[in-house]
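Chemist: generate a structure from the sequence data that follows.
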Amino acid sequence: MARVVCVHGMGQQVRGEDRLRSAWWPALSDGLRRAGAAEGLLAASDIAMGFYGDVFRPAGQLLTAGELPYTAQDVEAGFERDLLAAWWRAAAEVDPEVVPPDAADTLVATPRSVQAALRALSGSRFFANVALRLVVADLKQVRAYLTDTKIRERVRSRVMAQIGPDTRVVVAHSLGSVVAYEALCALPGHGVRALVTIGSPLGIRNLVFDRLQPAPAEGRGAWPGGDDLTWTNLAGTGDVVALVKDLRPVFGERVRSALLSNGTHAHDATSYLTDELCGRAITEGLE
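Modeler: Sure, this is the predicted structure:
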């Protein structure tokens, strides 16, 4: 089994294990180099990708450039509009080019305000060059995982199947960090020594944190391993998906939280993987 298991984030439904691993491995290798890891500490063959993107790919539908034909009208009331509102607020806080919402209590409450939110996000650095139909698709993926039991089980089982006796490090991005966290919690006695979450939404109360399995107790999330597990959470300063940058208030002081500067590609997985702090966290789990 793989020594390092990588778990991708949302929006990867038209990719696959090999394609994603070919993108993650060079970035991960660069991060290890920045951290001063010994040459040969990790080989490409030591890495597996916990791939679940195809679970969200509609069967029998021809896609154009991987895009789903979503519009603002497809953003559903409730979870999807609430998450869109949170992204809008976060983008306005970190990007002066984003028009801030007028009133938080009426934010994205109507189809017209959904369109306003999507227009505002389209002008942000974070969502630059991202088709708005893909933003809507991402909203739906997060909602589906957290609210549809069958999808949750299918996705989580993909990741659990990759974590074996030899796995020492799990690196998980975006929605994948939620999947990886729950997978580790469901594998008592696992041998993983380092969990590295990047661009994670795990700390968003109500929408994400309060829906986790196992359910948080008295406002505190379960620890996803034994006493020898080290959990490092890295959040980009401009990453609006990682709304809550510091996970310690909800998971305890044992979580090592750090802020990174990822430039205009704040949520991109490879931007996180090349950072020295990410390489150091992975190295510690392997040595």
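
Chemist: just give the number of residues close to residue 40.
Modeler: 6 (other C-beta atoms under 10 Å). (Each C-beta comes from the backbone N, C-alpha and C, glycine too.)

Chemist: how about it, secondary structure?
Modeler: coil (DSSP: H, G, I helix; E, B strand; the rest coil).

Chemist: residue 233 too?
Modeler: Assigned state for residue 233: strand (three-state reduction, three-state DSSP).

Chemist: could you do the one 5 residues further on as well?
Modeler: Following three-state DSSP, we place residue 238 in the coil state.

Chemist: pretty sure residue 32 sits in a helix.
Modeler: Yes - Residue 32: assigned to a helix according to three-state DSSP.

Chemist: what residues are up against it?
Modeler: 41, 42, 279, 282, 283 (C-beta atoms under 8 Å, 6 or more residues apart in numbering).

Chemist: quick one, grab the pLDDT at the second one.
Modeler: Right, residue 42. Reported pLDDT at residue 42 in the predicted model: 95.

Chemist: what's the answer for the fourth one, then?
Modeler: The predicted local distance difference test score for residue 282 is 98.

Chemist: returning to what we had before: report the buried members of the contacts of residue 32.
Modeler: Buried members of the contacts of residue 32, counted by 16 or more other C-beta atoms under 10 Å: 42, 279, 282, 283.

Chemist: count the neighbours of the closest residue to residue 87 other than its chain neighbours for me.
Modeler: By the measure of C-beta to C-beta, 6 or more residues apart in numbering, the closest residue to residue 87 outside its immediate chain neighbours is residue 240, 5.0 Å from it. Residue 240: 26 surrounding residues under other C-beta under 10 Å.

Chemist: do the same with residue 73
Modeler: Neighbours of residue 73 under the rule other C-beta under 10 Å: 10.

Chemist: same check, this time on residue 261
Modeler: Applying other C-beta under 10 Å, we find 10 residues neighbouring residue 261.

Chemist: quick check: closest non-adjacent residue to it.
Modeler: Nearest residue to residue 261, sequence neighbours excluded (C-beta to C-beta, 6+ apart): residue 237, at 5.9 Å.

Chemist: return the distance of the lowest-mean-pLDDT helix or strand in the chain from the chain's centre.
Modeler: The least trusted helix or strand in the chain, going by mean pLDDT, DSSP states H and E, turns out to be helix 111-122, with a mean of 81. Relative to the chain's own centre, helix 111-122 is displaced by 23 Å; criterion: C-alpha atoms, centre = their mean, to the nearest Å.

Chemist: ok, then the element right after that helix?
Modeler: helix 132-147 (DSSP states H and E).

Chemist: what packs against that next one?
Modeler: Helix 132-147 is packed against helix 79-94, helix 111-122, helix 149-162, helix 175-185, with contacts defined by 3 or more C-beta pairs under 8 Å, 6 or more residues apart in numbering; DSSP states H and E.

Chemist: what's in contact with stretch 6-26?
Modeler: Here stretch 6-26 has contacts from 28, 44, 47-57, 63, 66, 134, 137-138, 141-142, 159, 170-177, 179-180, 199, 241, 267, 269-270, 273, using C-beta under 8 Å, 6+ apart.

Chemist: just stretch 39-48 next, same as before
Modeler: By C-beta under 8 Å, 6+ apart, stretch 39-48 touches 1-6, 17, 21, 24-25, 28-29, 32, 162, 282-283, 286-287.

Chemist: among these, name the buried ones.
Modeler: Buried among those (16+ other C-beta under 10 Å): 2-6, 17, 21, 24-25, 28-29, 32, 162, 282-283, 286.

Chemist: out of those, which is nearest to residue 231?
Modeler: Nearest to residue 231 among these, counting by C-beta to C-beta, is residue 282 at 12.6 Å.

Chemist: quick one: contacts for the closest one?
Modeler: Contacts for residue 282 (C-beta under 8 Å, 6+ apart) come out as 4, 28, 31, 32, 35, 37, 42, 169, 171, 194, 196.

Chemist: now the first one: how far from residue 258?
Modeler: What it means is residue 4. Residue 4 sits at a distance of 19 Å from residue 258 (criterion: C-beta to C-beta, to the nearest Å).

Chemist: cool, thanks, signing off.
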